[in-house]
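> Mind looking at a prediction? Sequence and model below.
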Amino acid sequence: MELLFVDACPRGEDSRTLALARHMLDRLTRALPDLCVTTHCLREMGLRDVNAERLAEKEALCDRQVWDAPLTRTGADFRRADAVLIAAPYWDLSFPSVLKTWVENIWVRNLTFVYQDNKPVGLARGRAAVYVTTSGSSMRGHDWGALYIEDVMKTLGIPDFLALRAEALDLDSSDPEAILAEARVRADKAAAWLRGRLVEE
Ligand SMILES: Cc1cc2nc3c(=O)[nH]c(=O)nc-3n(C[C@H](O)[C@H](O)[C@H](O)COP(=O)(O)O)c2cc1C
């Protein structure tokens, strides 16, 4: 059983989003000792955004079904995973741009999706995805980042999605430790939810 952990937290070890996601990951790996975790640390992967040259190269790889090239292997990891856990802080009403670059890298024709009747049909094997995020102020119900990632996951074939948020961490009136402690309780529930998706027949 394999989980793909996508660390899209630019502040690395200082990141509260990363800490919350790791808390969930810890609960999950304790509950499922056989779980194999593959990590995409977006601070270190050096993923390239798409330009005309790389687009043509990627299309040629998709035609030839070459899935171990730099432009396609991120998608191969994504397709193989039984579950996906994404951690990204709320930046500028969504998430850091490196996560969009990761999304561009997992859309791989003939690997993670095919076109049928002019529509993309997902080929990912995963059963569920969880998106963890934290914000400085209230998201006012507009978590565009989570909505977008949910649509990407579902379009690529992962049916179940859950978002875990800890909001308003940076307000003068806030008690960030209390907010994060409450979020860790919800992270425990999210881990149990994901475990249920992974073990169900
Ligand atoms: C570049 C940048 C953009 C941000 N944009 C927003 C925003 O649009 N709305 C918001 O509520 N907080 C915003 N914040 C605050 C972060 O969401 C908040 O501090 C979050 O908890 C950071 O997560 P981290 O500790 O995992 O890095 C932003 C912070 C940075 C550095």
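Okay, I see it.
> Run through the strands of this protein in chain order.
Defined through DSSP state E, the strands belonging to the chain, from first to last, are 2-7, 36-41, 83-87, 113-116, 119-122, 128-134, 160-166.
> Nearest to E59, out of these?
For the strands of the chain, distance to E59 was read as C-beta to C-beta. The smallest value, 12.7 Å, belongs to strand 113-116. Where C-beta positions appear, they are placed from N, C-alpha and C, glycine not excepted.
> Residues touching that closest one, excluding its own?
Taking contacts as C-beta atoms under 8 Å, 6 or more residues apart in numbering, the residues outside strand 113-116 that touch it are W107, R109, P120, V121, G122, L123, T155, L156, G157.
> repeat that for 10 Å
With contacts defined as C-beta atoms under 10 Å, 6 or more residues apart in numbering, strand 113-116 is touched by 62, 75, 79, 106-107, 109, 119-124, 155-157.
> hang on, the earlier thing: which one of the strands of the chain lies closest to H142?
Shortest separation from H142 across those is recorded for strand 160-166, at 11.5 Å, computed as C-beta to C-beta.
> Tell me which other helices or strands that closest one touches.
The helices and strands touching strand 160-166, judged by 3 or more C-beta pairs under 10 Å, 6 or more residues apart in numbering; DSSP states H and E, are helix 16-31, strand 83-87, strand 128-134, helix 144-155, helix 176-199.
> need those in JSON lines with distance to the ligand, can you?
Converted to JSON lines, these look like this (distance: least, C-beta to the nearest ligand atom, whole Å):
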{"stretch": "helix 16-31", "distance to the ligand": "3"}
{"stretch": "strand 83-87", "distance to the ligand": "8"}
{"stretch": "strand 128-134", "distance to the ligand": "4"}
{"stretch": "helix 144-155", "distance to the ligand": "10"}
{"stretch": "helix 176-199", "distance to the ligand": "8"}
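> Now render the ones you listed as JSON lines, adding mean neighbour count and mean pLDDT.
As requested, the helices and strands packed on strand 160-166 are arranged in JSON lines below (neighbours: other C-beta atoms under 10 Å; pLDDT from 0 to 100):
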{"stretch": "helix 16-31", "mean neighbour count": "20", "mean pLDDT": "98"}
{"stretch": "strand 83-87", "mean neighbour count": "27", "mean pLDDT": "98"}
{"stretch": "strand 128-134", "mean neighbour count": "27", "mean pLDDT": "98"}
{"stretch": "helix 144-155", "mean neighbour count": "19", "mean pLDDT": "98"}
{"stretch": "helix 176-199", "mean neighbour count": "16", "mean pLDDT": "98"}
